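Participant: sequence first, predicted coordinates after that:
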Amino acid sequence: MDKHEQLQLIKEDFLNCQKLLLAIGDENRQAILMVLMETTCQTGLRVGEITEQVHLSRPAVSHHLKILRDAGIILMREEGAKNFYYINMSGKFALLKNLVLHIEDLMQEFYSGNDE
């Protein structure tokens, strides 16, 4: 693959990752993700449980959870009137991984002197 094709692939990767990058770029959302990753609860956590650990208001946590859900990073499971949030293991992180791998491939060729 020539440099132009690699750059086009990276450009597409960036477009595919925009929502993900915006979602994980916020410190509060990073804190929420860390709480969800640290939990031993397999069923997910409720907003109140997350709120206690990140020290944000309940409306703020709900707002951040919506952004994370819209980006496909977390999922929500309803159980009656209760909502449980958890990391989407089959989600969008593969897109981010592809972006990083494509950039690494391009940089490796650049530094090895195979720049076309």
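Facilitator: It's in.
Participant: for the rest of this, base every contact and every neighbour count on C-alpha atoms.
Facilitator: Will do.
Participant: next up, identify which helix or strand Thr51 is on.
Facilitator: In this assignment (DSSP states H and E), Thr51 forms part of helix 47-54.
Participant: buried set for that helix?
Facilitator: The neighbour-count criterion (16 or more other C-alpha atoms under 10 Å) identifies Val47, Ile50, Thr51, Val54 as the buried residues of helix 47-54.
Participant: quick one, phi psi at Leu75?
Facilitator: When quoted as degrees, to the nearest 10, the phi and psi of Leu75 stand at phi -120, psi 160.
Participant: beta-bridge partners for it, please?
Facilitator: On the basis of DSSP bridges, Leu75 takes part in beta bridges with Tyr86.
Participant: isn't it up against Tyr86?
Facilitator: Yes - Leu75 sits in contact with Tyr86 when judged by C-alpha atoms under 8 Å, with a separation of 5.5 Å.
Participant: count of residues packed around Leu7?
Facilitator: Using other C-alpha atoms under 10 Å, Leu7 has 14 other residues around it.
Participant: tell me if it really is in a strand.
Facilitator: No - secondary structure assignment (DSSP: H, G, I helix; E, B strand; the rest coil) places Leu7 in helix, not in a strand.
Participant: that one and Met1, how far apart?
Facilitator: According to C-alpha to C-alpha, to the nearest Å, Leu7 and Met1 sit 10 Å apart.
Participant: now do the SS call for Arg77.
Facilitator: Three states are possible here, and by three-state DSSP the one that applies to Arg77 is strand.
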